[in-house]
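# this one's sequence-less:
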């Protein structure tokens, strides 16, 4: 889809992005500078794209991420140069592959930490479906799909599986329980391995413990997970995350001369972390870990990994994002080459940014006039959509009002776009005529079932109103959302209404308009930390969603959206 922006009196115009080169200054030491023609910008995938895994097939690179309870599941990206990425599909895009609804499908449950591999002309993805089914494998000849239905692996008792193809054998490696299920301390886990039949897609051996506890069990390391094995120059390398996915997240590495021998830790571990740095540094990137490595066609090594960008303290609403950095080999050990302790926002690479490619990083803009006939691949549904409740006709996206709400473990009328910036905005234009107070539709800023803000049009005393609701919060006894604002409006029949939500780091501003660019505040300086992982918990980031509900009651109403627009405005890319 061509990215366009709305310009007053001009309509939708193609977006042309020009990034200025800047001189290296003291801010360079903090990794703050704009992307040039021979560099890439971090994060390479902005917003909720956690737990990256990468593989190379010939001259092509493929990258996937966790999607938890969003549908379709497991987004798949392709690149020819590790710089210009394009989403080409989802691994789980059919209801029979991923039936996500009801108990065990909270927004931060679902699909955990997939890993992608390529072997003898076939692509493999292994993943954990937490709470429902466990670990599974799917395959495809073309990573665009179709992917097979999941084959579950009940012998693999744990999370974060990955595959390793040796010369004559294949293995599945994963995080699992402590030995004999006897926990020595909170966070005590193991890394285990089974032989795997890549044709029959089944485990063919008993499991073996590779790592007990982590780098040094006497120091009580926690949450060893996300394992990957690589083979180079006669060594087998086992790379894992350690420390949990919070501020103390790290990446560590072990090696062995044989798959049958003990894996020994690198004395310089961790090979990637930001936990030792001053949290007050400019534009911090934190919680780095859960990495995967790839060698490019020129023999250079790169690592992709998750990280977070707080706007203050440990508060972030963009979730865990995908970053990349070069990797160097020192004394036959892989080390993330950050150019110092601080992870940079840019690194050099022998490739050029293609401005015609869709933006996934930097201050990109995305405008959808709904004239493509199909929904953009960049949107997500909340859980599995099993029957059609939306359509795209005549340049409009029409959604039915249904009883399901975003606070239930169901599939509501929800079409979301990731919040990809600390500062940015989402806007919609729509036509809606509520008949009853329980009929509400508009723009949702959503983190979890009880942590959200809902800017909606409804009616009070038979007259149209603009309302702003706040989710009740997970700890509230009364789970009903709170009304923050209600403003009477006047609309002519068939007249469109415009909504905008603006993220400003620690706050959101909400606006409406009955005429283009004549924004009227609904409520400003609304607490954004309420939607942060630090407050709301979980493993996901925020979405701006087109959302409609009749709140448990039947309704024949629908809402028609004219367009959706998202704009990034992060300060770090303006330096």
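Okay, I see it. What you are looking at is a predicted structure, and each value in this text was computed from that prediction instead of being measured. Numbering: from 1, shown residues only.

# residue 136 is in contact with residue 151, isn't it?
Yes: at 6.0 Å, residue 136 counts as touching residue 151 under the criterion of Cβ atoms under 8 Å. In short, each C-beta sits where N, CA and C put it, glycine included.

# so which of the two has more stuff around it?
residue 136 (23 against 14; other Cβ atoms under 10 Å).

# what sits against that one?
Counting by Cβ atoms under 8 Å, 6 or more residues apart in numbering, residue 136 touches 126-129, 150-153.

# who wins for neighbours among these?
Of the contacts of residue 136, residue 127 is surrounded by the most neighbours, 31 neighbours in total, counting by other Cβ under 10 Å.

# what strand or helix carries that one?
strand 122-130 (DSSP states H and E).

# ok now that strand, how far from the chain's centre?
Remark: strand 122-130 is offset 17 Å from the chain centroid, using Cα atoms, centre = their mean, to the nearest Å.

# who does that strand pair up with?
If you go by DSSP bridges, strand 122-130 pairs up with strand 110-119 (antiparallel), strand 134-140 (antiparallel).

# which pair in the contacts of residue 136 spans the largest distance?
Spatial extent of the contacts of residue 136 (Cβ to Cβ) is set by the pair 128 and 151 at 13.7 Å.

# can you give me the helices for this protein?
Ranges of helices in the chain, per DSSP state H, are 533-536.

# quick one: low-confidence residue ranges for it.
The model of the chain has pLDDT under 70 over residues 1-37.

# returning to what we had before: what's the closest of the strands paired with strand 122-130 to residue 157?
Among those, the nearest to residue 157 by Cβ to Cβ is strand 134-140 (7.6 Å).

# what comes up buried for that closest one?
134-140 (16 or more other Cβ atoms under 10 Å).

# which residues does the nearest residue to residue 539 once chain neighbours are set aside contact?
In this structure, residue 539 finds its nearest non-sequential neighbour in residue 108, 4.7 Å apart by Cβ to Cβ, 6 or more residues apart in numbering. Listed by Cβ under 8 Å, 6+ apart, the contact partners of residue 108 are 68-69, 448, 537-540.

# quick one: the strands in the stretch 251-400 of the chain?
264-265, 272-273, 286-295, 301-308, 321-330, 333-336, 346-348, 365-368, 381-382, 390-393, 396-400 (DSSP state E, counting those that start in this stretch).

# mind putting the ones you listed in a markdown table, mean neighbour count and distance to residue 500 included?
Putting the strands of the stretch 251-400 of the chain into a markdown table (neighbours: other Cβ atoms under 10 Å; distance: least, Cβ to Cβ, whole Å) gives the following:
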| stretch | mean neighbour count | distance to residue 500 |
| --- | --- | --- |
| strand 264-265 | 14 | 51 |
| strand 272-273 | 25 | 38 |
| strand 286-295 | 24 | 29 |
| strand 301-308 | 25 | 26 |
| strand 321-330 | 20 | 24 |
| strand 333-336 | 20 | 39 |
| strand 346-348 | 16 | 30 |
| strand 365-368 | 20 | 13 |
| strand 381-382 | 24 | 22 |
| strand 390-393 | 14 | 22 |
| strand 396-400 | 20 | 17 |
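
# of all these, which lies closest to residue 46?
Smallest distance to residue 46 across these (Cβ to Cβ): 5.7 Å, for strand 321-330.

# hmm, back to that, which one of the buried residues of strand 134-140 is nearest residue 278?
residue 135 (39.2 Å).

# would you mind confirming that the closest one makes contact with residue 128?
Yes: with contact taken as Cβ under 8 Å, residue 135 and residue 128 are classed as touching, separated by 5.2 Å.

# need the overlap of contacts for the two.
Shared contacts of residue 135 and residue 128 (Cβ under 8 Å, 6+ apart): 158-159, 161.

# between these, which is nearest residue 509?
Closest approach between these and residue 509, by Cβ to Cβ: residue 159, at 38.8 Å.

# skip the chain neighbours and tell me the closest residue to that closest one.
With Cβ to Cβ, 6+ apart, the residue lying closest to residue 159 is residue 128, at 4.5 Å.

# which ones are touching the one you found?
Listed by Cβ under 8 Å, 6+ apart, the contact set of residue 128 reads 111-113, 134-136, 158-161.

# including distance to residue 552, could those go into CSV?
Formatted as CSV, the contacts of residue 128 follow (distance: Cβ to Cβ, whole Å):
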residue, distance to residue 552
111, 28
112, 31
113, 35
134, 33
135, 36
136, 34
158, 39
159, 35
160, 38
161, 39
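
# out of the residues you listed, what pair is the most spread apart?
Farthest pair in those (Cβ to Cβ) is 111 and 158. Separation: 14.9 Å.

# and these two? Which one has more around it.
Under the criterion of other Cβ under 10 Å, the comparison of residue 111 against residue 158 puts residue 111 first, with 24 against 20.

# which residues does the more buried one form beta bridges with?
Residues in beta-bridge contact with residue 111 (DSSP bridges): residue 68, residue 129.

# and what of the one 4 residues further on?
Listed beta-bridge partners, residue 115: residue 126 (assigned using DSSP bridges).

# so what's the residue count around it?
A count of nearby residues for residue 115, using other Cβ under 10 Å, gives 26.

# got it, and residue 53?
28.

# list the contacts of it.
63-65, 113-116, 162, 228, 292, 304.

# out of those residues, who's nearest residue 430?
Nearest to residue 430 among these, counting by Cβ to Cβ, is residue 65 at 29.7 Å.

# wait, the closest one touches residue 49, no?
Yes: the pair residue 65 / residue 49 is scored as a contact, 4.5 Å apart, by Cβ under 8 Å.

# so the two - more neighbours on which side?
Between residue 65 and residue 49, residue 49 has the larger neighbour count (other Cβ under 10 Å), namely 28 against 24.

# thinking again about what came up before, in terms of distance to residue 166, which of the buried residues of strand 134-140 ranks first?
Set against residue 166, the nearest of the buried residues of strand 134-140 by Cβ to Cβ is residue 137 (17.3 Å).

# and that closest one, how far is that from residue 151?
Computed as Cβ to Cβ, to the nearest Å, the residue 137 to residue 151 distance reads 5 Å.

# what touches both of the two?
Residues touching both residue 137 and residue 151 (Cβ under 8 Å, 6+ apart): residue 201.

# give the contact list for the nearest residue to residue 249 once chain neighbours are set aside.
Excluding the flanking residues, the one nearest residue 249 by Cβ to Cβ, 6+ apart is residue 289, at 3.7 Å. By Cβ under 8 Å, 6+ apart, the contact set of residue 289 is 226, 241-243, 245, 249-251, 272-273, 305-306.

# please dump these into CSV; it should also carry distance to residue 412 for every row.
Output for the contacts of residue 289, formatted as CSV (distance: Cβ to Cβ, whole Å):
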residue, distance to residue 412
226, 31
241, 33
242, 37
243, 36
245, 27
249, 32
250, 38
251, 37
272, 38
273, 39
305, 33
306, 27
